[in-house]
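A.B. asks: Sharing a model prediction with you, sequence too.
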Amino acid sequence: MHGLLPVAVVATAGTTATGAVDPLPALAAFCARERLWLHVDAAFGGAAALSPALRGCLDGIAHADSITWDAHKWLQMPLGTGMYFTRHPASLRAAFHTDAPYMPHRDPAHDEPFDTSLAWSRRAAGIPLFTALATRGLAGIAATLESHLRLTHTLRHRLLTMGFTLVSESPLPVVCFTHPRFAADSRRAGRPRPRTRPRRPHVARPRHALHRPSARCAPRSPAPTPPNPISTP
């Protein structure tokens, strides 16, 4: 649009629904030429960087100005284990810095959450990820990710042999498929169904008929009490 100046390009590295990866090297070159901020949404696919066998699908991500990655997606970490990486930390402090007399003294050796994000008080969401890295190491996590990719290849092969159709190709463990029978059923479902018989006309009932008491709902009279055989005349 005329009169508007773009400031950033947002690329995707592994969409959650189809596993699609944008051409990151070309976008990085474009942003460098046009002096635009390049942000890469790697919430799902960012874990591929931990595996030498999968890392190639993220070529060009190193040129991004900022990256988001959610370890609670592919790495099965607790919900909320999201991370933001940027090569421009000063931009975070410029955006979120605040001065208040009730805030603690700032340590220049490290950044504080209230200086780099909207959330001030927060739980230690990174401990589960740190524990997984400390116990299994990068090699163990990479082996798990690569096993997911082998299962994906096996699933794709079996689907093709069973007559299914793959509708997307992804370097990540995401499989989207359909079947010709499903497509035919959906086309038939979209057609208007022929009416086999005319619709019966609606006849409004009188209002008093809606409130007429029914014999089925009428209160029942109490049963007579049987005589007490123990009573004396």
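C.D. replies: Structure's in. What do you need?

A.B. asks: Report the buried residues of the lengthiest helix in the chain.
C.D. replies: What stands out as the longest helix in the chain, according to DSSP state H, is helix 127-161. Residues of helix 127-161 classed as buried: Pro128, Leu129, Ala132, Leu133, Ile141, Ala142, Thr144, Leu145, Leu149, Thr152, Leu159 (neighbour count, 16 or more other CB atoms under 10 Å). Bear in mind the C-beta positions are built from the backbone N, C-alpha and C, glycine included.

A.B. asks: so the fifth one touches Ala132, yeah?
C.D. replies: Yes - using CB atoms under 8 Å as the test, Ile141 is close enough to Ala132 to be in contact (6.8 Å).

A.B. asks: Which neighbours do the two have in common?
C.D. replies: The contact sets of Ile141 and Ala132 overlap at Leu75 (CB atoms under 8 Å, 6 or more residues apart in numbering).

A.B. asks: residue boundaries of the strands in the protein?
C.D. replies: Residue ranges of the strands in the chain, as given by DSSP state E, are 8-12, 37-41, 66-70, 82-86, 165-166, 177-178.

A.B. asks: Among those, show the one with the smallest mean pLDDT.
C.D. replies: Comparing mean pLDDT across those, the lowest value falls on strand 82-86: a mean of 88.

A.B. asks: Report how many residues lie close to the closest residue to Arg106 other than its chain neighbours.
C.D. replies: With CB to CB, 6 or more residues apart in numbering as the measure, Glu112 is the residue that lies nearest to Arg106, at 6.1 Å, once sequence neighbours are left out. Number of residues near Glu112 (other CB atoms under 10 Å) recorded here: 16.

A.B. asks: residues touching the nearest residue to Gly56 once chain neighbours are set aside, list them.
C.D. replies: Among residues not flanking Gly56 along the chain, Pro171 sits closest, at 7.8 Å (CB to CB, 6+ apart). Pro171 sits next to Gly19, Val21, Ala48, Leu54, Gly56, Cys57 when contact means CB under 8 Å, 6+ apart.

A.B. asks: Look at Pro171 and report its pLDDT.
C.D. replies: Among the per-residue scores, Pro171 holds a pLDDT of 90.

A.B. asks: So it versus Asp111, what's the distance?
C.D. replies: According to CB to CB, to the nearest Å, Pro171 stands 34 Å off from Asp111.

A.B. asks: the bottom helix or strand of the protein by mean pLDDT?
C.D. replies: Ranked by mean pLDDT, DSSP states H and E, the helix or strand of the chain with the weakest confidence is helix 207-210, at a mean of 51.

A.B. asks: what's around the residue nearest to Pro89 when sequence neighbours are not counted, how many residues?
C.D. replies: Closest residue to Pro89 in three dimensions, ignoring its sequence neighbours and counting by CB to CB, 6+ apart: Asp111, at 6.9 Å. The burial metric for Asp111, expressed as a neighbour count using other CB under 10 Å, is 15.

A.B. asks: Having no further points to raise, I will conclude here.
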